[in-house]
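> Return atomic coordinates for the entry below.
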Amino acid sequence: MKHPSRSQFSVESADLPSNISIDEAYKLLGLKKGCSKAEVLTAAKRLQQKIHPDKNTEIRTEELSKLVNQAVDKIDQQLESLIKVG
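Numbers count the residues shown, from 1 in each chain. Sure, this is the predicted structure:
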């Protein structure tokens, strides 16, 4: 299954993927590979605040929140594996 391109990762997107790749996780959070775990958590927190249902009632906040959490998990797994190998 082909995942949406970066241009399709807007908070208004109707075509949210159920599973994202590691590259898409970085793009969603607006990060570059090689970032620290603290940067990942900060970016996720900012995005979660932006899509919070109290602040934005016109988007699919629950699905977007799950997608952000999935992105954080993917990047965290990658960072952990790099630490174990390194």
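> any idea which helix is longest in the chain?
In the chain, with assignment by DSSP state H, the single longest helix is helix 61-85.
> Which elements pack onto that helix?
helix 22-29, helix 37-50 (3 or more CB pairs under 8 Å, 6 or more residues apart in numbering; DSSP states H and E). In short, each C-beta sits where N, CA and C put it, glycine included.
> and it, how far out from the chain's middle?
With CA atoms, centre = their mean, to the nearest Å as the basis, helix 61-85 stands 7 Å off its chain's centre.
> Tell me which residues of it come out buried.
Buried residues in helix 61-85, counted by 16 or more other CB atoms under 10 Å: 61, 64, 65, 67, 68, 70, 71, 72, 74, 75.
> Reformat those residues as TSV; add pLDDT and distance to residue 50.
Compiled in TSV, the buried residues of helix 61-85 are given as follows (pLDDT from 0 to 100; distance: CB to CB, whole Å):
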residue	pLDDT	distance to residue 50
61	83	10
64	87	9
65	89	11
67	90	13
68	92	10
70	93	17
71	94	14
72	94	15
74	93	20
75	94	18
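> Take those residues and lay them out in JSON lines including distance to residue 25.
Shown next, in JSON lines, are those (distance: CB to CB, whole Å):
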{"residue": "61", "distance to residue 25": "19"}
{"residue": "64", "distance to residue 25": "13"}
{"residue": "65", "distance to residue 25": "14"}
{"residue": "67", "distance to residue 25": "9"}
{"residue": "68", "distance to residue 25": "9"}
{"residue": "70", "distance to residue 25": "7"}
{"residue": "71", "distance to residue 25": "4"}
{"residue": "72", "distance to residue 25": "8"}
{"residue": "74", "distance to residue 25": "4"}
{"residue": "75", "distance to residue 25": "5"}
